[in-house]
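**Student:** what would the 3D arrangement of this be:
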Amino acid sequence: MQAMLDPTWQPLLATPPFPEFVSGHSAQSGAAAQVLGDLFGPQTAFIDNTHQARGAGYEPRSFASFAAFADEAASSRLYGGIHFRSGNEVGLSEGQKVGRNVSALRFRR
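**Tutor:** Predicted coordinates:
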């Protein structure tokens, strides 16, 4: 990033010791968003209260859809300096494929 975009840029996180391509967080988020969208509807809005107990600065977050949540999770990997955009985009796409396969499974009761 520094050589290509801005020599003064510093990542928010240390570069982790794993491959850049594809983003695992993006793939997992894409799969989860696909399955949740299949279960509850793709345009289901929701509020994420996950970190509210941590106090100030961790207010609930609103999302218009599960896909919007997954997109933000993928973008966080870019802004953290962990993945390039292509790794996030392909991760989301591959995760959605996994999610569609999971949603197609028929479980016995």
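**Student:** check contacts around the residue most central in space within the chain.
**Tutor:** Geometric centre of the chain, nearest residue: Ala73, 3.0 Å, by CA atoms, centre = their mean. When contacts are counted by CB atoms under 8 Å, 6 or more residues apart in numbering, Ala73 touches 25-26, 29. For every residue, glycine as well, the C-beta is placed using N, CA and C.
**Student:** buried only: go through those residues for me.
**Tutor:** 25-26, 29 (16 or more other CB atoms under 10 Å).
**Student:** sorry, back to before: now secondary structure and distance to Arg54 too, for the contacts of Ala73, in JSON lines please.
**Tutor:** Formatted as JSON lines, those follow (DSSP: H, G, I helix; E, B strand; the rest coil; distance: CB to CB, whole Å):
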{"residue": "His25", "secondary structure": "helix", "distance to Arg54": "20"}
{"residue": "Ser26", "secondary structure": "helix", "distance to Arg54": "24"}
{"residue": "Ser29", "secondary structure": "helix", "distance to Arg54": "21"}
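**Student:** any chance of those in JSON lines, with distance to Ala68 and pLDDT too?
**Tutor:** Below are these laid out as JSON lines (distance: CB to CB, whole Å; pLDDT from 0 to 100):
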{"residue": "His25", "distance to Ala68": "16", "pLDDT": "93"}
{"residue": "Ser26", "distance to Ala68": "14", "pLDDT": "96"}
{"residue": "Ser29", "distance to Ala68": "11", "pLDDT": "97"}
